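got a sequence here, can you build the structure:
(one chain, ligands or ions: 2)
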Amino acid sequence: MNNTIPPAKDRPSPLDYDPALSGNYPFLAVDHYINDLFVPEDDAVKTATAAIEAAGIPDASITSNQGFFLQLLARLVRANRILELGTFGGYSTIWLAKSLPGKGRLITMEFNPVHAALAATNIKAAGLDDIVEIRIGRALDLLPALQQESPEPFDMIFIDADKPPYTEYFQWALQFSRPGTLLIFDNVIREGLILDPHITDEAVKGVQRLNKALASDPAVMATIIPSIGLKKFDGMAIAVVK
Ligand code: DHB
Ligand code: MG
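Ligands and ions are numbered 1, 2, ... in the order given. Coordinates of the predicted model:
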């Protein structure tokens, strides 16, 4: 087995990258290994997973390992108030809401009313509808409306919505933050396509722009944690507001 990856100058473009060069590593089995060893998938999580699968909507939920990781981060920052952009079927919402203490609160925003309805059902089935508020609409409309309410700053903000406006979501997230607020952005590696400066895919361009903004904005300290496993090769950006 030859796992030698050629130097960048010999790789024409990430688009032409040969996955065979990454060798025969057991990425999926390792994801399952971590899941089996560490991750308690309770009935609420299993029920939501089954409902999202049955709904036949795209496979865009985070994995159980990632949900547990988000829960661990929420606990690390002692989150009481969480904001989520991109509810989708409510899977990550459930993981995050479960991390909250009794008086905790989670606001989540979703553009697609079908996804929002599915999420509402899943969140209710999980017994989390007292903690979670779903707001339906474009986040870029809902965020100014939220600002009008002068909410307390959020402790953690998870961004997993449409990718082209990720940088605008970042700027909004700063409006709802205090020093120490944790910002997490899903899908910022996109199977390495972010390496391609000529890419035309708007989703990839959106995360390229975000990654540059995170790296250069003095308001945050940020980096990216790449991941490989059930969600192929991707990663989350993690930032703390200074
Ligand atoms: C896509 C979006 C996601 O949030 C994700 O986790 C995976 C894929 C997408 O839009 O392609
Ligand atoms: Mg995502």
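
list the buried residues of stretch 110-120.
For stretch 110-120, a neighbour-count test (16 or more other CB atoms under 10 Å) marks 110-111, 115-120 as buried. Placement of C-beta: from N, CA and C, glycine included.

so which residues on this protein come close to ligand 1?
Residues of the chain lying near ligand 1 by CB under 6 Å from any ligand atom: 60, 160, 186-187, 203.

hmm, which of those is lowest in pLDDT?
Minimum pLDDT across those is recorded for Ala60, with 92.

would you map the helices across the protein?
27-38, 43-54, 64-76, 91-98, 113-125, 139-148, 166-175, 202-216 (DSSP state H).

ok, back up a step: which one of the buried residues of stretch 110-120 is nearest Glu168?
Phe111 (13.8 Å; CB to CB).

that closest one touches Asp162, doesn't it?
Yes. Using CB atoms under 8 Å, Phe111 is in contact with Asp162, at 7.2 Å.

so what's the residue count around the closest residue to ligand 2 within the chain?
Proximity of the chain to ligand 2 (CB to the ion) peaks at Asp186, 3.5 Å away. Residues lying near Asp186 (other CB atoms under 10 Å) number 23.

contacts only, for it.
62, 66, 86, 158-160, 234, 236 (CB atoms under 8 Å, 6 or more residues apart in numbering).

centre-most residue in the protein?
Nearest to the mean C-alpha position of the chain, counting by CA atoms, centre = their mean, stands Asp186 at 3.1 Å.

how close does that residue get to Ala54?
As judged by CB to CB, to the nearest Å, Asp186 and Ala54 stand 23 Å apart.

show the contacting residues for the closest residue to Arg178 other than its chain neighbours.
Spatially, and ignoring its direct neighbours in sequence, Arg178 is nearest to Pro153 (3.9 Å; CB to CB, 6 or more residues apart in numbering). By CB under 8 Å, 6+ apart, the contact list for Pro153 reads 81, 176-178, 181.

repeat that for 7 Å
Shown in contact with Pro153 (CB atoms under 7 Å, 6 or more residues apart in numbering): 176-178, 181.

and if you look at Ala222?
Contacts of Ala222 (CB under 7 Å, 6+ apart): 214-215, 237-239.

farthest-apart pair in the residues you listed, please.
Farthest pair in those (CB to CB) is Ala215 and Ile238. Separation: 12.4 Å.

between those two, tell me which one has more neighbours.
Neighbours were counted for Ala215 and for Ile238 using other CB under 10 Å; Ile238 has more, 18 against 13.

who is that one paired with across the strands?
Listed by DSSP bridges, the beta-bridge partners for Ile238 are Ile184, Thr223.

I'd like the distance between it and Pro218.
For Ile238, the distance to Pro218 - CB to CB - is 17 Å.

number of nearby residues for the closest residue in space to Leu193 that isn't next to it in sequence?
Spatially, and ignoring its direct neighbours in sequence, Leu193 is nearest to Val204 (4.7 Å; CB to CB, 6+ apart). A count of neighbours around Val204, defined by other CB under 10 Å, yields 23.

and Arg178, by the same measure?
Counted by other CB under 10 Å, the residues lying close to Arg178 total 10.

can you check Gly90 too?
Around Gly90 sit 32 other residues, with neighbours defined as other CB under 10 Å.

coming back round to it: so which of the contacts of Asp186 comes closest to Glu168?
Ile159 (10.4 Å).
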